[in-house]
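Participant: Sequence below, structure please.
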Amino acid sequence: MNKILCLNSVSKTYKNGFIALRNISVDVPKGEIFALLGPNGAGKTTLISSICGIIRQTEGQIKVKGFDTIMDWRQTRQLIGLVPQELTLDNFESVWDAMSFSRGLFGKPLDKNYLEWILNELSLYDKKDESIIRLSGGMKRRVLIAKALSHNPELIFLDEPTAGVDVSLRKSMWKLVKELRNTGATVILTTHYIEEAEEIADRIGIIDRGKLLLVEDKSKLMNKMGRRQLIVYLKEKMTSIPKELAQFNLELQEKGNAVVFTYDKNANRTGITRMLSALSENNIIVKDLQSYQSTLEEVFLSFIDQNKK
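Facilitator: The predicted structure is shown next:
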């Protein structure tokens, strides 16, 4: 595995004694889209700030493409592009000047074609000569992303990148993130939008109270933790579950027009056949069947709840 980011036992304790990060270790391979999920105050932004050199970790080591973020800070800064949560922009600059200046800060010559590609992908091209102060909040968010991409970084951090933008723009940004990965870039994003991680991430990390609770391939996580349910729609309404069916722990739904059977899809025997046979034996006619798997949001919330116990 060609690792672009390596964190080894990273912790951060502030002078007042508050522990923001607790012994975090994780490796991220080149070309991956890694989503970091966690509630407010979980440590997501602190972790990103430590990697980007904005703050210094108290313990542990962070390496970007083999360079130490403290000892080799010049090299690591060149490799990283950061989109912060806050709208930190010079309101009186034009969009084009902001991008060009940001690229120049890294000693890169002007690449008009590359900058125009970014502007087009972010639907900003027709605004390139506008002063930033005249743009909407969503447009300003796009400018932040454009600035972060301006120097061709290999490791891109998106801290709540689609906060405050509409649904259509959010989906266009997802498309851009996937295209960046296709060019060889690695993307790490924090997000409150669970569907964002579900849509674009390869792996997911869940962080809470400064601890990295797990790092897992998205599909494996869903298979491991996601409940599978079979919704059985009935021909005739049912007012209560017959005692003969109690062993299946069925739940009445749809005002008695359906029952829900929860099972482990990884088990050797799911119990579906026995449950359907029992319905037939009790003269309960099945009208339709629908399978349902729990969403990533439900999986995420279950982990957070477990960590509180």
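Participant: C-alpha only now, for contacts and for neighbours.
Facilitator: Will do.
Participant: Could you report the neighbour count for residue 183?
Facilitator: 10 (other C-alpha atoms under 10 Å).
Participant: Now do the contacts for it.
Facilitator: When contacts are counted by C-alpha atoms under 8 Å, 6 or more residues apart in numbering, residue 183 touches no other residue.
Participant: Distance check, it against residue 270.
Facilitator: Relative to residue 270, residue 183 is positioned 43 Å away (C-alpha to C-alpha, to the nearest Å).
Participant: what does residue 263 give?
Facilitator: Remark: distance between residue 263 and residue 270 (C-alpha to C-alpha) = 6 Å.
Participant: Those two - which one has more neighbours?
Facilitator: Counted by other C-alpha under 10 Å, residue 263 and residue 270 do not tie: residue 263 has more neighbours, with 17 against 13.
Participant: Show me the strands in the stretch 51-200 of the chain, by range?
Facilitator: Listed in chain order, the strands found in the stretch 51-200 of the chain under DSSP state E, counting those that start in this stretch are 59-64, 67-68, 80-83, 155-159, 186-190.
Participant: Same list, those strands, but as TSV with distance to residue 291, mean pLDDT and mean neighbour count please.
Facilitator: Compiled in TSV, these are given as follows (distance: least, C-alpha to C-alpha, whole Å; pLDDT from 0 to 100; neighbours: other C-alpha atoms under 10 Å):
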stretch	distance to residue 291	mean pLDDT	mean neighbour count
strand 59-64	43	96	20
strand 67-68	48	96	18
strand 80-83	39	92	22
strand 155-159	35	91	24
strand 186-190	31	92	24
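Participant: Is it possible to get JSON lines of these that adds distance to residue 290?
Facilitator: Listed next are the strands of the stretch 51-200 of the chain as JSON lines, based on distance: least, C-alpha to C-alpha, whole Å:
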{"stretch": "strand 59-64", "distance to residue 290": "46"}
{"stretch": "strand 67-68", "distance to residue 290": "51"}
{"stretch": "strand 80-83", "distance to residue 290": "41"}
{"stretch": "strand 155-159", "distance to residue 290": "37"}
{"stretch": "strand 186-190", "distance to residue 290": "33"}
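Participant: Okay, buried residues for stretch 65-77 please.
Facilitator: Using 16 or more other C-alpha atoms under 10 Å as the test for burial, stretch 65-77 gives 65, 67-70, 76-77.
Participant: Distance check, the nearest residue to residue 83 once chain neighbours are set aside against residue 235.
Facilitator: Leaving aside its chain neighbours, residue 83 sits nearest to residue 158 (4.9 Å; criterion: C-alpha to C-alpha, 6 or more residues apart in numbering). Separation of residue 158 from residue 235 (C-alpha to C-alpha) stands at 50 Å.
Participant: Tell me how the protein divides into domains.
Facilitator: 3-223, 228-293 (automatic domain parsing).
Participant: Double-check that residue 21 belongs to a strand.
Facilitator: Yes: judged by DSSP: H, G, I helix; E, B strand; the rest coil, residue 21 forms part of a strand.
Participant: And for it, the neighbour number?
Facilitator: Using other C-alpha under 10 Å, residue 21 is surrounded by 27 other residues.
Participant: which residues touch it?
Facilitator: Shown in contact with residue 21 (C-alpha under 8 Å, 6+ apart): 10-13, 43, 46-47, 209-211.
Participant: out of everything not next to it in sequence, what's closest to it?
Facilitator: Nearest to residue 21 is residue 210, by C-alpha to C-alpha, 6+ apart, at 4.0 Å.
Participant: quick one: that neighbour from residue 43, how far?
Facilitator: 5 Å.
Participant: Understood, closing this out.
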